[in-house]
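Peer 1: Curious how this folds, go ahead:
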Amino acid sequence: MGIEDWQRHLRQTSLFVIVGLIQLAIDTSVFIATTALGVPVVAGNLLGRGSGAGLGFWLNGRYTFGKPKLDRLHAARFLVAWVLLTSLSTVLVSTVAARLGLHSAWMAKPLAEAVLAAINFMVSRQWIYR
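Peer 2: Below you'll find the model as predicted:
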């Protein structure tokens, strides 16, 4: 791997982290707000993840991975990955909520999303935005 490849990878990683932090803030805020208002954990997690998904798809496609135009194939691949990762996220936070309580799920949410972000970066780079 040449220096240009390393620079591109570092740029993509950095931008992915920035976009991910924006998404995480939106996602976690919506999750905490909705569940605090009595929305079930599963629904709150779906609302949270869904609230940041469209913005993340566009920002990562356009800026992180340099696709000036996103097409239906990008969107379909994103949707498949989003459903799978959202399913994992939902299982994680709902399990924590059931075993340790809602406040523990609020604390676990950002940690679960951080782990899933690493998976999402590889999937995005290798498959979604190809």
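
Peer 1: quick one: average confidence on the helix or strand hosting Ala114?
Peer 2: Per DSSP states H and E, Ala114 falls inside helix 102-123. Helix 102-123 comes out with an average pLDDT of 96.

Peer 1: Same question for that helix: list its buried residues.
Peer 2: For helix 102-123, a neighbour-count test (16 or more other CB atoms under 10 Å) marks Leu102, Ala105, Trp106, Ala108, Lys109, Ala112, Glu113, Leu116, Ala117, Asn120, Phe121, Val123 as buried. (C-beta placed from N, C-alpha, C; glycine too.)

Peer 1: which among these gets closest to Gly20?
Peer 2: Ala117 (5.0 Å; CB to CB).

Peer 1: Give me the nearest residue to that closest one, chain neighbours excluded.
Peer 2: Residue nearest to Ala117 in three dimensions, not counting chain neighbours: Gly20, with 5.0 Å by CB to CB, 6 or more residues apart in numbering.

Peer 1: returning to what we had before: right, and out of the buried residues of helix 102-123, which lies closest to Asn45?
Peer 2: Using CB to CB, these come closest to Asn45 at Lys109, 7.7 Å.

Peer 1: what residues are up against that closest one?
Peer 2: By CB atoms under 8 Å, 6 or more residues apart in numbering, the residues touching Lys109 are Asp27, Thr28, Phe31, Ile32, Asn45, Gly48, Val93.
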